[in-house]
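# Here's a sequence, model it:
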Amino acid sequence: MTETIVLLHGGATGSSSWNPVARSLAASGASVFAPDMLGYGASPAPTGSYAIAEEVAHLIRGLGLQPRSCNGMIYAVGFGGTFHLVTHSLGSLIGLHLRRALGARVARMTLVDPVLVSVLREYGEDDAYAEMEEQYQRFMSLSADHEAAAHFFVDHWSGAGAWASMGSRGRAMVTSLVPTLRLEMTAAQSDRAKLAWLAESPPPTTILVGERTLLAPRAAARLLGAALRATTVVVPGAAHMIPITHPEAVVDAVRRDGVARSRSEGARA
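Model prediction:
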C-alpha cells in the first residue's frame, strides 16, 4: 500500500516553507505532497464564511478523494492509499480535523510546534491561552493596515526583528495574506473541537517542539502528547518556525517513524 507524506503548512507561509523537507524526503524515494491551503499559492481564496470544514474539504479534494458531510462532520470518500500527515503550527489544527475525516487512511502523524487554541481553552492553560488571545486581538486591531498587521504577525511568531530581516518580496507576500490570516485566526479562535475527539483512536504520532518556542505551542504539544500517546522531541535551539530553521529535525523524525512502522509491519507479517 502506497503511503504519501502530506506536508501541511502554517499561517503566512505556504507550501514553499516545506521545500527543504520535501526535497530531502523525495530524494530518498518517498512520495511527498505539499498542498497550498486556501488563499495560498494557486489555491482558490477562502470564502468570507471560512471555517475549518472548508479547508478540510479543500485538502480532501487535493488528495484525490471526495469530501462528504454528515451531521455537520466532513469525511472522505474514495481510496488513495495511506497518509502520513506532517503538520506545522496552524496546520496541526487543520491536520487533526483532516485526520478525523480521513479515518484509518492516516497511518502516522508528525506534529511540528502545534497551535490549537481550543485545547488551551478546554484545559485551562491560562497563560498560553492569554498569549494567543493577545496575539489575536492585536492582529485584528491592526488588520486594516495590512503591512502593520503582517509586521506584527511575523515578529510574534519568528521573533523581534524577523520582519526587518525579510526581503521586500517576502514582506509583500505576507502582507498580501493578511485577509486570509484574519479568516484563519478567527476560525482557530472559534473552533470548539474537544481534545478527546481530536485524539480518538490515534495513529502513531511524533510531536516536535522548539526548545525556544512560545508558550502556546509548548502547552499544546504537552496536552496533545498525552492525549495522542505521542513521542515528543524537543528540537535544540529551535523556536517556532522549525520547518524553515531546522528542516533536518523534521526529516529525521519522519524517517524514524517510517523505519519504526516498517519494523512493526514486518513483525506482524
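# gap between the residue most central in space within the chain and Pro236?
Geometric centre of the chain, nearest residue: Gly91, 1.8 Å, by CA atoms, centre = their mean. Separation of Gly91 from Pro236 (CB to CB, to the nearest Å): 22 Å. To be clear about C-beta, it is placed using only N, CA and C from the backbone, and glycine gets the same treatment.
# Low-confidence ranges, the chain, go.
Applying pLDDT under 70 to the chain flags residues 1, 258-269.
# go with 80
Within the chain, the segments meeting pLDDT under 80 span 1-2, 79-80, 257-269.
# Do a quick rundown of the helices in it.
19-27, 52-62, 90-102, 117-122, 126-142, 146-158, 162-165, 168-176, 178-190, 195-198, 215-228, 242-245, 247-268 (DSSP state H).
# could you dump the ones you listed to JSON lines with distance to Gly80?
Putting these into JSON lines (distance: least, CB to CB, whole Å) gives the following:
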{"stretch": "helix 19-27", "distance to Gly80": "18"}
{"stretch": "helix 52-62", "distance to Gly80": "10"}
{"stretch": "helix 90-102", "distance to Gly80": "9"}
{"stretch": "helix 117-122", "distance to Gly80": "28"}
{"stretch": "helix 126-142", "distance to Gly80": "34"}
{"stretch": "helix 146-158", "distance to Gly80": "32"}
{"stretch": "helix 162-165", "distance to Gly80": "37"}
{"stretch": "helix 168-176", "distance to Gly80": "31"}
{"stretch": "helix 178-190", "distance to Gly80": "26"}
{"stretch": "helix 195-198", "distance to Gly80": "22"}
{"stretch": "helix 215-228", "distance to Gly80": "23"}
{"stretch": "helix 242-245", "distance to Gly80": "24"}
{"stretch": "helix 247-268", "distance to Gly80": "18"}
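# so of these, which one's packed in deepest?
Highest mean neighbour count among these (mean count of other CB atoms under 10 Å): helix 90-102, with a mean of 25.
# Quick one: work out the angle between it and helix 178-190.
Helix 90-102 runs at 60 degrees relative to helix 178-190, counting by axes from the mean of the first three to the mean of the last three CA atoms, to 10 degrees.
# how far away is Ser89 from Ala172?
Counting by CB to CB - Ser89 and Ala172 are separated by 21 Å.
# oh sorry, the question was meant for Val115
Computed as CB to CB, the Val115 to Ala172 distance reads 25 Å.
# my read: the residue nearest to the centre of the chain touches His9, true?
Yes. Counting by CB atoms under 8 Å, Gly91 touches His9, with 5.4 Å between them.
# which residues do those two both contact?
Any residue near both Gly91 and His9 by CB atoms under 8 Å, 6 or more residues apart in numbering counts here, and that gives Met37.
# Just give the closest residue to Leu208, not the sequence neighbours.
Val112 (4.7 Å; CB to CB, 6 or more residues apart in numbering).
# The one you found pairs with what?
His88, Leu208 (DSSP bridges).
# Can you report how many residues lie near the nearest residue to Ala227 once chain neighbours are set aside?
In space, and not counting its chain neighbours, Ala227 is closest to Ala199: 3.8 Å by CB to CB, 6+ apart. Ala199: 20 surrounding residues under other CB atoms under 10 Å.
# Please apply the same query to the one 10 residues further on.
Taking other CB under 10 Å as the neighbour definition, Val209 ends up with a count of 24.
# any idea how far it lies from Thr245?
Taken as CB to CB, the span from Val209 to Thr245 is 13 Å.
# What of Gly72?
Taking CB to CB, one finds Gly72 at 38 Å from Thr245.
# And Ala148, by the same measure?
25 Å.
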